[in-house]
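>>> Structure for this input, please:
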Amino acid sequence: MDEQGFTAWAAAVERPLLRAAYLLTGDLQRAEDLVQEALVKVALRWPRLQHENPTAYARRILARDHVTAWRRRRHRETELVETVVVPAVSFDPDTEMVVRRALARLTPSQRAVLVLRHFDDLTERETAAVLGVSVGTVKSQNAAALARLRTGAPELLDLIGGT
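Model (predicted):
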């Protein structure tokens, strides 16, 4: 295994992956766990992934593992009450509060699409590849998320450019 190559790649993407995981989960510890799990999975496949797109693979792991964990918790508990804390999204406390409240209103898959499309600036095609879904699913989840934000958090639409 090319340990130096993996170490350099991991150091370069750890912070952006943590930011994305944080926006997905709303929980720093869970975000850190997701990133570590993703890095381990990439490391195990590094000989093959180093010549492909390991960052896209890691993002896919983050999103899928988060949605899977959410579904498992939802099935175990009859009522799921989550307090979403999204620190360090912005240096402006008002913006941070808007983002925190808005993301809490979305389903995990809507949140994943919104984070990848509007915070990580991925295209619809790239987002679909990361999530392992069709471009049509990305479009419909994005539209549903933006519609939910229009009614519940219109102030966020100005931040992400969704109209």
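
>>> can you give me the helices for this structure?
3-25, 28-44, 46-49, 54-76, 93-104, 108-114, 124-131, 135-152, 154-160 (DSSP state H).

>>> what's the least confident stretch among these?
Of all those, the minimum mean pLDDT falls on helix 154-160 (a mean of 63).

>>> ok, now how distant is the residue lying closest to A58 once chain neighbours are set aside from L122?
Nearest residue to A58 in three dimensions, chain neighbours excluded: A38, at 4.5 Å (C-beta to C-beta, 6 or more residues apart in numbering). To be clear about C-beta, it is placed using only N, CA and C from the backbone, and glycine gets the same treatment. Distance, A38 to L122, using C-beta to C-beta, to the nearest Å: 16 Å.

>>> repeat for G26
In this view, G26 and L122 are 20 Å apart by C-beta to C-beta.

>>> next one: Q29
From Q29 to L122 the distance is 25 Å (C-beta to C-beta).

>>> of those two, who's got more company?
The neighbour comparison of Q29 against L122 (other C-beta atoms under 10 Å) goes to L122, with 21 against 8.

>>> L34 and T123: what is the separation?
23 Å.

>>> I meant to write P108 there.
21 Å.

>>> So for these two, which residue has more residues nearby?
P108 (17 against 12).

>>> Do I have it right that that one meets T68?
No - if you go by C-beta atoms under 8 Å, P108 and T68 don't touch, sitting 9.2 Å apart.

>>> Figure out how far stretch 56-68 is from the centre of its chain.
8 Å (C-alpha atoms, centre = their mean, to the nearest Å).

>>> Export it to CSV, keeping only CA atoms.
Extracted C-alpha coordinates of stretch 56-68, given in CSV (Å, rounded to 0.1, in the frame of the first residue of the first chain):
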residue,chain,number,x,y,z
ALA,A,56,-16.1,10.9,-4.1
TYR,A,57,-16.0,7.4,-2.6
ALA,A,58,-15.4,8.8,0.9
ARG,A,59,-18.4,11.3,0.4
ARG,A,60,-20.6,8.4,-0.7
ILE,A,61,-19.6,6.5,2.5
LEU,A,62,-20.4,9.5,4.7
ALA,A,63,-23.9,10.0,3.1
ARG,A,64,-24.9,6.4,3.0
ASP,A,65,-23.6,5.5,6.5
HIS,A,66,-25.4,8.6,7.9
VAL,A,67,-28.7,7.7,6.2
THR,A,68,-28.4,4.0,7.2
